[in-house]
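Asks: the sequence and its predicted three-dimensional model are supplied below.
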Amino acid sequence: MGAVTLEREAVLSTDAVTDALRELILTSELGIGVQLKQQALAERFGVSRIPVREALKRLESEGLVVHTPHQGSVVAAQSIQELIESLDIRIALETRALKLAIPQMQPSDHLAAKAILSRYAGSESPQEWAELNLEFHMVLYRPCARAKLLRMIEDSVRGIARHMRALQSYKVGRKAPQAEHDLILKACIAKDIPLAVQLLEQHIEHTQLALQN
């Protein structure tokens with residue numbers, strides 16, 4: 001087997017382990033503070049420790065895992081203040097992406113966003129709300145064609161998704177975010193960049209306010 005093939009298989013293994021671990025953390029099957037032992041995870045997923053180590057590094061960059069002295073990697077916890085600061089970072093990244101994306105948006109992007117909102121309206125699952133929320137926002141941002149910026153946004157959102165899911169379910173619900181999404185999309189369709197950016201910033205700020213109440 002050639003070196004290129006082995007390298008490709010290693011990448012695929014890392015991707016698979018990363019996705020599986022992320023899902024276990026976001027669904028709380030692996031709770032806050034749980035120690036993530038590389039050998040045990042390697043045996044669980046039937047891989048060597050190398051893709052597990054790389055997966056843990058990726059999840060650490062997303063804020064889902066933290067490396068602690070004498071404990072190794074554990075599932076991360078975030079305080080309210082840390083969540084608020086993470087949302088500040090989201091405002092900066094996402095408003096920039098939206099500003100760049102709107103002039104490049106096509107009718108197909110608007111239709112895709114509308115389809116996601118229809119699925120959102122028909123869902124009764126807070127976990128699905130969080131997934132559809134990210135999907136909606138990323139559809140709006142992708143036309144900016146800034147791969148690194150988009151990756152930073154997605155990592156930032158996933159890093160606090162587990163904590164925000166309960167907030168969205170019990171404090172915010174679905175109707176208010178859905179109404180805000182509709183307004184943001186309408187501003188995008190109208191190519192009103194200042195209004196769309198303002199609405200997006202307010203949308204994220206409302207989540208910050210809910211965290212403090």
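Replies: Nice, thanks for sending it over.
Asks: what sits closest to V75 if chain neighbours are left out?
Replies: V34 (4.7 Å; CB to CB, 6 or more residues apart in numbering). (Each C-beta comes from the backbone N, C-alpha and C, glycine too.)
Asks: where along this protein do the helices fall?
Replies: 3-26, 38-45, 49-61, 80-101, 107-121, 126-141, 147-167, 175-189, 193-212 (DSSP state H).
Asks: with mean pLDDT added, can I get those helices in JSON lines?
Replies: Output for these, formatted as JSON lines (pLDDT from 0 to 100):
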{"stretch": "helix 3-26", "mean pLDDT": "71"}
{"stretch": "helix 38-45", "mean pLDDT": "92"}
{"stretch": "helix 49-61", "mean pLDDT": "91"}
{"stretch": "helix 80-101", "mean pLDDT": "93"}
{"stretch": "helix 107-121", "mean pLDDT": "95"}
{"stretch": "helix 126-141", "mean pLDDT": "88"}
{"stretch": "helix 147-167", "mean pLDDT": "80"}
{"stretch": "helix 175-189", "mean pLDDT": "91"}
{"stretch": "helix 193-212", "mean pLDDT": "91"}
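Asks: next, count neighbours for the residue nearest to V75.
Replies: The number of residues packed near V34 is 14, by other CB atoms under 10 Å.
Asks: just the pLDDT at it, thanks.
Replies: Looking at V34, its pLDDT is 87.
Asks: how deep is the residue lying closest to R96 once chain neighbours are set aside tucked in, by neighbour count?
Replies: Take R96 and drop its neighbours on the chain: the residue closest to it by CB to CB, 6+ apart is L149, 6.9 Å away. By other CB under 10 Å, 16 other residues sit near L149.
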